[in-house]
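Trainee: here you go, sequence then predicted model.
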Amino acid sequence: MNIATTAQMREMDRTAIEERGIPSVQLMEAAACAVARAVSELAGGKTDGRAVLFCGPGNNGGDGVAAARFLLEMGWEVRCVLVGKREKMSADCREMERRLEQSGGKLEDFTDSDPQFAAWSLEADVMVDALFGIGLNTDLRGDAVTAVQMMNTCGVPVVSVDIASGVEADTGRVLGTAVNAAKTVTFTLPKAGHFVGKGGLCCGALEVVDIGIPDDLVRRESYPVTSVDRSRVSLPVRPRDAHKGDFGRVYILGGSVGLSGAPVMAAQAAVRTGAGLVTVGVPAPIWPVAATKLDEAMPHPLPAGKDGKLELAATEPLLEKLGGKWVCLLGPGLGRSNAVDAVVRHVLAETTLPVVLDADGINALVGHMDVLDNRGACTILTPHDGEFARLTGALPGEDRLSVARDFAVAHSCCLVLKGHRTITAFPDGTAYINTTGNPGMAKGGSGDVLSGILVSLLGQGFTPREAAPLAVWIHGRAGDLCAEAMGEYSMTPTDIIRMLPRVMRELTK
Ligand SMILES: NC(=O)C1=CN([C@@H]2O[C@H](COP(=O)(O)OP(=O)(O)OC[C@H]3O[C@@H](n4cnc5c(N)ncnc54)[C@H](O)[C@@H]3O)[C@@H](O)[C@H]2O)[C@H](O)CC1
Ligand SMILES: [K+]
């Protein structure tokens, strides 16, 4: 789905209200109705549950006060508390308080010293977090922190209004502390903070609801950031008269003594995701290992030094072999040495093939970013945070989305910044946030599998903009199926490879 910024949300709100004449309280009640429905659903469809609603002074709080009224009218028992100063209440929040009182409810002042309220809250079916939404602009403090702690420690599931309070909507940064929501009901479009950073861990199940902002206002905006979910990924049915030459001539350079599995896993992943012809360039000492493990992929022995890694003499036969290829992957298991780094940099400088650079292929660029910057052809880097830090001198930090986008623009490359909610960024500043994957994939070899999938899709003719987000999604989806089948502790990257056929079939239209 397209991801909106807080500035875009405010502009759409303003235009809808001021230019299209849609009453702001109408938008608020539509939002609140969706929240009340989500609360009831979270309680198994109850119409007579017990809810505690923590409301801030702004319009996020206004949504909460209105939701309290709807729950009351449904037959729920509600305790609705204002966390903040009454004099700071927005006009719409006040209006919702008036309507709540008309329905027999009451907006109480939150006090953290009321044992009766705390006891009552412990018996609630659901809590509602309506403290702050897209208006949050500083760290939480005072009663807001206390309210967040209550919601996070009561053992009662929380529905967050618009976004978990404490999460900065445009970056996913947590400002001091944040609610851990079981579910978040957001409006019109998702925000980056629902997916990335520590905020992405606070979101719970995300529901995006239409509250009546005119479609043309939504459509006329441009959205440089997109979340990649199942609705955005598919694979074309293959032409009946296809032959192996149609699906890519892929070259994978990797491996060293002690790291023979990496290029093998990348090659197997490439074959399993549809590459036609895969050649694997490995240092001669591990060529027998690769030849034993690989059937479809063709191992290509290269000159190696005494350290069991590539030596400079590998450059010429490698470049010669690349002559007949369409795309190449450099890095899985290469190891580190001056010779290895020099071979990688030579290849980057000499070939115009699209290149996927992973692991030690990325490390070869440390201190030599000019090799990347001067390369006219497509280069896709797939670092995890540690490799990114070695390359740039700093970890991505809390705002991964901006850091990834800035890097891709500055170096005119595609950057796949791996991690929870992997981010794929392009030179034009656009970016894709992945929505599949799990901690079971945090194992050596998982990145090799991803790089194999990516180079395979590129070799089959998918553009970088198609291939990179798709490869990340497929990789994560296969990982999720493995987690379902065998649990996050026991699954391995080899299991992910074995699960790839199921994902590829699932996506083929
Ligand atoms: N179309 C829509 O998406 C609609 C969204 N709605 C809801 O409105 C909020 C945004 O409301 P707003 O009043 O602009 O901001 P908040 O309620 O998020 O924040 C209130 C207020 O709090 C101040 N503030 C910011 N940070 C802090 C802090 N750390 N401590 C104390 N106070 C803070 C700041 O001044 C904010 O203005 C949106 O999220 C939706 O829930 C509409 O209801 C319907 C249309
Ligand atoms: K909230």
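Mentor: Ah, there it is. Ligands and ions are numbered 1, 2, ... in the order given.
Trainee: doesn't V347 lie inside a helix?
Mentor: Yes. Membership of V347 in a helix is supported by DSSP: H, G, I helix; E, B strand; the rest coil.
Trainee: list, one by one, the residues from this protein near ligand 2.
Mentor: Residues of the chain lying close to ligand 2 (C-beta under 5 Å from the ion) are 129, 160-161, 165. (Glycine included, C-beta is placed from N, CA and C.)
Trainee: in strands, which of those appear?
Mentor: Judged by DSSP state E, the subset of the residues of the chain next to ligand 2 located in strands is 129, 160-161.
Trainee: return the member of the residues you listed nearest to H411.
Mentor: Compare each of those with H411 using C-beta to C-beta and the shortest gap goes to S160, at 36.6 Å.
Trainee: could you report the neighbour count for the closest one?
Mentor: Burial of S160, expressed as a neighbour count using other C-beta atoms under 10 Å, amounts to 34.
Trainee: cool, V209 as well?
Mentor: Per other C-beta under 10 Å, the neighbour tally for V209 reads 16.
Trainee: and the helices in the stretch 151-300 of the chain, which stretches?
Mentor: All helices of the stretch 151-300 of the chain, identified by DSSP state H, counting those that start in this stretch, fall at 215-219, 261-272, 287-293.
Trainee: hang on, the earlier thing: can you list the ones in strands among the residues of the chain next to ligand 2 in JSON lines and add pLDDT and distance to S234?
Mentor: Conversion of these to JSON lines gives the following (pLDDT from 0 to 100; distance: C-beta to C-beta, whole Å):
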{"residue": "D129", "pLDDT": "98", "distance to S234": "36"}
{"residue": "S160", "pLDDT": "98", "distance to S234": "31"}
{"residue": "V161", "pLDDT": "98", "distance to S234": "33"}
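Trainee: okay, those in a markdown table with distance to L415 next?
Mentor: Conversion of these to a markdown table gives the following (distance: C-beta to C-beta, whole Å):
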| residue | distance to L415 |
| --- | --- |
| D129 | 34 |
| S160 | 30 |
| V161 | 34 |
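Trainee: closest to ligand 1 among these?
Mentor: Comparing those against ligand 1 with C-beta to the nearest ligand atom places V161 closest, at 5.1 Å.
Trainee: residue contacts, K46?
Mentor: 40, 76, 125 (C-beta atoms under 8 Å, 6 or more residues apart in numbering).
Trainee: check which helix or strand the residue nearest in space to the middle of the chain maps to.
Mentor: In the chain, the C-alpha closest to the average C-alpha coordinate belongs to R421, at a distance of 2.3 Å (C-alpha atoms, centre = their mean). Using DSSP states H and E, R421 maps to neither a helix nor a strand.
Trainee: mind putting the helices of the stretch 151-300 of the chain into CSV with distance to S490, mean pLDDT and mean neighbour count?
Mentor: Listed next are the helices of the stretch 151-300 of the chain as CSV, based on distance: least, C-beta to C-beta, whole Å; pLDDT from 0 to 100; neighbours: other C-beta atoms under 10 Å:
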stretch, distance to S490, mean pLDDT, mean neighbour count
helix 215-219, 44, 98, 12
helix 261-272, 17, 98, 29
helix 287-293, 22, 98, 17
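Trainee: closest to ligand 1 out of those helices?
Mentor: helix 215-219 (10.0 Å).
Trainee: ok, residues contacting that closest one?
Mentor: The list of residues contacting helix 215-219 from outside it, by C-beta under 8 Å, 6+ apart, reads 12, 15-16, 20, 188-189.
Trainee: give me that answer again for 6 Å
Mentor: Helix 215-219 has contacts (C-beta atoms under 6 Å, 6 or more residues apart in numbering) with 12, 15.
Trainee: cool, stretch 8-24 as well?
Mentor: Counting by C-beta under 6 Å, 6+ apart, residues outside stretch 8-24 touching it are 92, 134, 213-214, 217, 221.
Trainee: so which of those residues also contact ligand 1?
Mentor: Restricting the contacts of stretch 8-24 to those touching ligand 1 (C-beta under 6 Å from any ligand atom) yields 134, 213.
Trainee: buried only: go through the contacts of stretch 8-24 for me.
Mentor: 92, 134, 213, 217 (16 or more other C-beta atoms under 10 Å).
Trainee: and the closest residue to the first one other than its chain neighbours, what does it touch?
Mentor: Right, the one you point to is D92. Sequence neighbours aside, G62 is the residue nearest to D92 in space, at 4.5 Å (criterion: C-beta to C-beta, 6 or more residues apart in numbering). G62 is in contact with 28, 92-93, 96, counting by C-beta under 6 Å, 6+ apart.
Trainee: name the element G62 belongs to?
Mentor: Using DSSP H and E, G62 falls within helix 59-74.
Trainee: buried residues in that helix?
Mentor: By neighbour count, and taking 16+ other C-beta under 10 Å as the criterion, the buried residues in helix 59-74 are 59-72, 74.
Trainee: domains of this protein?
Mentor: 2-223, 232-507 (the TED database).
Trainee: what about the last one, how long is it end to end?
Mentor: Which is domain 232-507. Length of domain 232-507, first residue to last, C-alpha to C-alpha, to the nearest Å: 10 Å.
Trainee: can you pull the contacts of the spatially closest residue to A359 that is not a sequence neighbour?
Mentor: The spatial neighbour of A359 that comes closest, neighbours along the chain excluded (C-beta to C-beta, 6+ apart), is G331 at 4.3 Å. With contacts taken as C-beta under 6 Å, 6+ apart, G331 has the following neighbours: 357-361.
Trainee: same deal with V159?
Mentor: Remark: with contacts taken as C-beta under 6 Å, 6+ apart, V159 is in contact with 38-39, 128, 183.
Trainee: separation between I433 and V158?
Mentor: Taking C-beta to C-beta, to the nearest Å as the measure, I433 falls 23 Å from V158.
Trainee: ditto for L454
Mentor: 37 Å.
Trainee: neighbour count winner among those two?
Mentor: L454 (32 against 27).
Trainee: where's the more buried one relative to ligand 1, distance?
Mentor: From L454 over to ligand 1 the distance is 36 Å, taken as C-beta to the nearest ligand atom, to the nearest Å.
Trainee: how far away is that residue from Q460?
Mentor: In this view, L454 and Q460 are 11 Å apart by C-beta to C-beta.
Trainee: so what's the residue in the stretch 351-500 of the chain that ligand 1 sits nearest to up against?
Mentor: Per C-beta to the nearest ligand atom, the residue of the stretch 351-500 of the chain with the smallest distance to ligand 1 is E398, at 16.3 Å. E398 sits next to 173, 197 when contact means C-beta under 6 Å, 6+ apart.
Trainee: sweet, I'm off.
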